[in-house]
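[1] Got a predicted structure here, sequence first:
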Amino acid sequence: MAGTRRLCALVLLLCLAGALPAPAQTPTLEERLASKDLTVARAAVAEAIAGADRAEPLTLMLAAARQFELGDVEPAVLWFYAGQLRARYAPQLTGEKSQLVTISTMTLGEGINAYAMRDIVTMLGTIARAMRWDEKTYAVWARAHGLDPDSEELLQRRASARDGLVVFATDLKKNRQHYEKVAREYKSPEQLQREAEENVRRNYTTAPVDRVVGGRTLRVPANYLTAQGLVARPVEKTSELALTVFLPDYVGYTLDNWRNLSANKNLVSFRVRGDTGAKPDDLIEAFIATGPPTTQAFGFEAYQFDARQTKARLPLQGYSVNYILVNRRPDGVASYLICDAPEPGITKASPRCELFATEPVSGLRVHARFHQDYARQWQKIEARLGDVLKSWIVER
């Protein structure tokens with residue numbers, strides 16, 4: 001897990017910096033620092049530290065993070081802060097590339113900071129050592145990168161970066177007890193993942209629990225509510241019930257699929273409530289009544305919605321351009337699908353669709369959100385979700 005997080009951070013940094021090597025090229029120092037081969041990684045750390053006075057600041061921070069992971073923690077803190085200080089004033093890390101410093105600090109430095117802040121007195125000494133090292137090696141570093149160490153602009157940037165580190169150190173000293181307490185309570189992503197794994201293994205169940213929604217009692221397998229079903233209350237009354245379904249089999253949580261939900265295209269967020277209050281249908285029909293243009297989307301006729309060109313609104317937040325698909329049943333009741341529509345110059349990493357429907361047997365309203373890859377199957381999804389919901393109804 002630690003190696004995966006470090007490698008992901010490295011890949012992101014290299015991509016943003018435009019530094020990815022061509023295929024079959026000799027591995028760079030950065031790639032060797034991220035190697036899963038510990039012998040290779042240790043040699044790369046030694047190489048980076050040996051050339052620290054001339055090193056690229058982000059490379060020094062990466063070396064420190066790997067050094068920390070390999071167990072040489074005290075020197076790692078020093079080199080991480082030395083690299084971070086230099087990164088704050090390096091001209092090659094200005095403009096858009098300044099985000100690389102933030103990314104490195106947040107990802108590579110998370111564990112290092114948590115360790116160092118357990119003892120603020122020692123940490124302050126380490127920061128002072130980093131600043132002395134920077135003072136001693138500044139001119140060598142500048143010349144190695146083709147910079148004039150006497151440049152007024154560079155000196156101003158460096159002075160500002162050093163002042164910022166002094167402010168940080170002052171805050172650490174002033175709020176020592178707070179920072180040390182937070183650091184002692186810190187849990188790494190790896191620790192949190194291990195705890196989550198243990199909790200799911202201990203609390204997983206498919207046993208049913210009762211939920212009363214809109215006057216209807218639903219007997220729901222607990223794994224549709226949470227991966228830790230044993231912690232769910234056996235009976236509960238709620239105005240809205242949040243459920244999770246995984247396509248294509250319409251199952252709830254399993255012992256495996258609960259991980260990394262944000263990247264799971266098969267996940268359906270499924271909400272159920274009574275037929276009371278404002279109806280999403282009213283907003284959608286009001287927009288359709290304005291006579292908007294239509295197009296083809298996912299194999300269906302769709303209305304085109306653009307918030308910049310209409311005063312009408314949809315029952316969504318954070319969307320400006322959408323497709324709206326309608327399915328009208330013989331009894332006149334309609335269901336609706338609203339999907340993200342393409343926008344020039346905007347890339348949507350995980351385009352979604354939102355389904356609004358009323359389950360005819362129970363009269364409960366359904367609001368489901370799923371990945372746009374399943375948009376062509378939306379009517380099937382609506383029907384299957386309705387079948388799942390009906391199977392849970394407890395007749396009184």
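    Yep, it's here.
[2] give me the number of residues near the closest residue to H367 other than its chain neighbours?
    If the residues on either side of it in the chain are set aside, H367 comes closest to R271, at 4.5 Å by Cβ to Cβ, 6 or more residues apart in numbering. In this view, the C-beta of every residue, glycine as well, is placed from N, C-alpha and C. The tally of other residues near R271 (other Cβ atoms under 10 Å) stands at 14.
[3] my guess is R271 meets L241, correct?
    Yes: using Cβ atoms under 8 Å, R271 is in contact with L241, at 6.9 Å.
[4] just to revisit the earlier point, from A368, how far off is the residue nearest to H367?
    Counting by Cβ to Cβ, to the nearest Å, the gap from R271 to A368 is 7 Å.
[5] so the residue nearest to H367 bridges to which residues?
    A242, H367 (DSSP bridges).
[6] Now do the same contact list for it.
    Neighbouring residues of R271 by Cβ atoms under 8 Å, 6 or more residues apart in numbering: E240, L241, A242, L243, V366, H367, A368.
[7] and with 6 Å instead?
    Contacts for R271 (Cβ atoms under 6 Å, 6 or more residues apart in numbering) come out as E240, A242, H367.
[8] in the stretch 101-250 of the chain, which spans are helices?
    110-116, 120-144, 152-174, 176-185, 189-203 (DSSP state H, counting those that start in this stretch).
[9] how about TSV for these, with distance to R216, mean pLDDT and mean neighbour count added?
    Converted to TSV, the helices of the stretch 101-250 of the chain look like this (distance: least, Cβ to Cβ, whole Å; pLDDT from 0 to 100; neighbours: other Cβ atoms under 10 Å):
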stretch	distance to R216	mean pLDDT	mean neighbour count
helix 110-116	46	93	20
helix 120-144	57	97	16
helix 152-174	55	96	14
helix 176-185	43	95	14
helix 189-203	27	93	13
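[10] going on from the helix or strand of the chain with the lowest mean pLDDT, what's the next piece of helix or strand?
    Counting by mean pLDDT, DSSP states H and E, the chain has its least confident helix or strand at helix 2-17, which shows a mean of 48. Downstream of helix 2-17, the first helix or strand assigned by DSSP states H and E is helix 29-33.
[11] on contacts alone, who are the packing partners of the helix or strand following that following helix?
    Downstream of helix 29-33, the first helix or strand assigned by DSSP H and E is helix 38-50. Secondary-structure packing of helix 38-50 (3 or more Cβ pairs under 6 Å, 6 or more residues apart in numbering; DSSP states H and E): helix 29-33, helix 57-69.
[12] Most tightly packed of the ones you listed?
    helix 57-69 (a mean of 26; mean count of other Cβ atoms under 10 Å).
[13] Phi and psi next, for the residue minimising distance to the centre of the chain.
    Nearest to the mean C-alpha position of the chain, by Cα atoms, centre = their mean, lies S262 at 7.2 Å. In terms of degrees, to the nearest 10, the main-chain angles of S262 are phi -60, psi -20.
[14] How many residues are close by the closest residue to it other than its chain neighbours?
    Nearest residue to S262 in three dimensions, chain neighbours excluded: S350, at 8.0 Å (Cβ to Cβ, 6+ apart). Residues near S350, counting by other Cβ under 10 Å, number 11.
[15] now V394
    12.
[16] Share the number of residues neighbouring the residue nearest to it when sequence neighbours are not counted, please.
    Using Cβ to Cβ, 6+ apart and skipping the chain neighbours, the partner closest in space to V394 is T217 (4.2 Å). Around T217 sit 16 other residues, with neighbours defined as other Cβ under 10 Å.
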